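K.L.:
next come a sequence and a model predicted from it.
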Amino acid sequence: MPVTLPVLLLTIILPKPSIFWHQTVDAEGKHHHFLCVTQEEYAGSWFYLYKGSDLEPIAEKKALPSQSKVMFAVHAFAPGEQFCCSYEIQEAGKAIYSPLSSPANITEDHYPKPFIAVSPGNELFVGQDWIIRCWAPSPGVNFVLYQSREFRMEITPRGDSSVAEFFLNNVTMADAGRYTCYYHSTTEPVIWSNASDAAQLTVIEASKVPSYQEVLVDSAGRYRVNCSVPSSPGGWFYLYQGKQLIAETKVWQDRTEASFNLTEEALNTTQGELMCQYGAYPLNHTEVWTEASHTESTDFTTANSLQLGLGVSVLLLALFFIVDACWTEVQEEN
C-alpha cells in the first residue's frame, strides 16, 4: 500500500532593505537620489522604488552581480512625499520579494553638518587600518558614510552617544578617495544633515614602505643609520626606538634615502628595535606613519668594550712614559 508523505512547505523570508536619501549639487542644480541596500548575499538582485502608497514601482533597476545596492534618481516629488524600496530574488524559478524598507522622504530642511576626523591621518600604506569619526550636535541619529557618491556603511551609535566610528580595516588601493558622512533622524519625518567636510584618503602601495638599511661607522667615528624609500616626492624620515622619536631628517625632492648621524651615547640607550618611518609632511598630531620597517638594534657592547680597553691601554702607556721620564731625570741628577 503506497504511503503518502507530508509535503513540507518552506517559506523564505528576506530581510528588509534600507533606503537612504542622497543629495548632490553641481552646475545644473540639485539632484536627488535614493540608495537601496540589502545584505551582500543578495547581490545582483532586482530592486524596486515605490512612491507614497502606490503598489506599483516607479522605477526598477538590477544591481551589478557583485553588488547588493542600487541608486535611483528622483526627478519629481511633492513636499514630504515618502519613498520606500524592495528587492526580488529567484528561488526554484519563482520570484520572491522582500518586505518594503522603512520610508524616507526628500526635504529641504537639513540638520547642521557633522564634524569629521580621521586617525591616524590622511596617508596610509596598503594593509593599515583607518578610522573615521563623525559627531552630531545631539544624540538620537544614525550616521552614514559615503566614498565619493558611493554608500559605504551605516552606523547607529550606542546609547545616548552622538559619535560614530567607521572602521576601514586592511585598506587597499580601492579605498583611496574622498569620504563624507551624514546623519539623519531615527524618527519620522526623517530629516538628513548636510554633508560633512570631506576627508581625503591616500593609499600608498606596499612596495613603497621605507626600509631600515644598516648602521655604519664613518671615518670620524660617528654612527650613521640609513633609511630609504623606493620613490618619494620629498618628505621627512623619522627614526624611532620603540615608540620614542630619537631623530628626524628631511628628504629632498630628488632623494629617496636619508641618513641619521647619532652619537654613541644615543645608540647605547637604544634597547630593542630601531624603526624607520616616512611622512610627507613634518611631524604633527594628524600625520600618518607607515608600517615601520624593523631591525633589531645593533649590540654595541663589544665595540664599546674594545674602545674602553684601547683607552685604558693608551692611558697606561702614557703613564709609563711619564714614570720612565721622571726616573731617568732622577738618575741623571744622582
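P.N.:
Sure, I can see it. Since this is a predicted model, take the numbers as computed values, not measurements. Residues are numbered from 1 along each chain as shown.
K.L.:
which strand residues bridge the closest residue to residue 167 other than its chain neighbours?
P.N.:
Counting by Cβ to Cβ, 6 or more residues apart in numbering, residue 167 lies nearest to residue 131, which is 5.8 Å off, once chain neighbours are set aside. In short, each C-beta sits where N, CA and C put it, glycine included. Taking DSSP bridges as the rule, residue 131 bridges to residue 119, residue 167.
K.L.:
domain assignment for the chain?
P.N.:
According to automatic domain parsing, the chain comprises the domains 18-105, 115-204, 206-298.
K.L.:
show me what the helix or strand hosting residue 86 pairs with in its sheet, parallel or antiparallel.
P.N.:
According to DSSP states H and E, residue 86 maps onto strand 82-91. Strand pairing for strand 82-91, using DSSP bridges, gives strand 46-51 (antiparallel), strand 94-97 (antiparallel), strand 104-105 (antiparallel).
K.L.:
returning to that earlier point: who touches the residue nearest to residue 167 in this structure?
P.N.:
118, 119, 165, 166, 167, 168 (Cβ atoms under 8 Å, 6 or more residues apart in numbering).
K.L.:
which residues are in contact with the closest residue in space to the fourth one that isn't next to it in sequence?
P.N.:
Spelled out, it's residue 166. Nearest residue to residue 166 in three dimensions, chain neighbours excluded: residue 132, at 4.3 Å (Cβ to Cβ, 6+ apart). Taking Cβ under 8 Å, 6+ apart, we find residue 132 in contact with 116, 117, 118, 145, 165, 166, 168, 179, 181, 199.
K.L.:
and residue 132, how far from residue 313?
P.N.:
Remark: distance between residue 132 and residue 313 (Cβ to Cβ, to the nearest Å) = 63 Å.
K.L.:
highest neighbour count among the contacts of residue 132?
P.N.:
Ranked by the number of neighbours (other Cβ atoms under 10 Å), the contacts of residue 132 place residue 181 first, at 28 neighbours.
K.L.:
immediately after the helix or strand hosting that residue, which helix or strand?
P.N.:
Here residue 181 is covered by strand 177-185, with elements defined by DSSP H and E. Using DSSP H and E, the helix or strand that follows strand 177-185 in sequence is strand 199-204.
K.L.:
which strands or helices does that following strand pack on?
P.N.:
In terms of contacts (3 or more Cβ pairs under 8 Å, 6 or more residues apart in numbering; DSSP states H and E), strand 199-204 is packed against strand 115-119, strand 123-125, strand 177-185.
K.L.:
repeat that for 10 Å
P.N.:
Packing partners of strand 199-204 (3 or more Cβ pairs under 10 Å, 6 or more residues apart in numbering; DSSP states H and E): strand 115-119, strand 123-125, strand 130-135, strand 177-185.
K.L.:
between strand 177-185 and the third one, find me the angle.
P.N.:
This means strand 130-135. Interaxial angle of strand 130-135 relative to strand 177-185 (axes from the mean of the first three to the mean of the last three Cα atoms, to 10 degrees): 30 degrees.
K.L.:
do the first one as well
P.N.:
Angle of strand 115-119 versus strand 177-185, following the same axes, to 10 degrees, is 130 degrees.
K.L.:
which residues sit against strand 115-119?
P.N.:
The contact list for strand 115-119, computed with Cβ atoms under 10 Å, 6 or more residues apart in numbering, reads 124, 129-137, 145, 163, 165-166, 168, 179-181, 195-201, 285-286, 288.
K.L.:
go again using 6 Å as the cut-off
P.N.:
Residues from elsewhere that reach strand 115-119 (Cβ atoms under 6 Å, 6 or more residues apart in numbering): 131, 132, 133, 134, 135, 181, 196, 197, 199.
K.L.:
pick out whichever of those residues sits closest to residue 52.
P.N.:
Nearest to residue 52 among the contacts of strand 115-119, counting by Cβ to Cβ, is residue 181 at 29.2 Å.
K.L.:
which non-adjacent residue is nearest the closest one?
P.N.:
Nearest non-adjacent residue to residue 181, counting by Cβ to Cβ, 6+ apart: residue 134, 4.1 Å away.
K.L.:
tell me how far that neighbour lies from residue 197.
P.N.:
11 Å.
K.L.:
tell me where the model's unsure across the stretch 1-150 of the chain.
P.N.:
Low-confidence segments of the stretch 1-150 of the chain (pLDDT under 70): 1-11, 24-27, 29, 107-109.
K.L.:
try it again at 80.
P.N.:
Along the stretch 1-150 of the chain, segments meeting pLDDT under 80 span 1-12, 20-31, 77-80, 105-111, 125.
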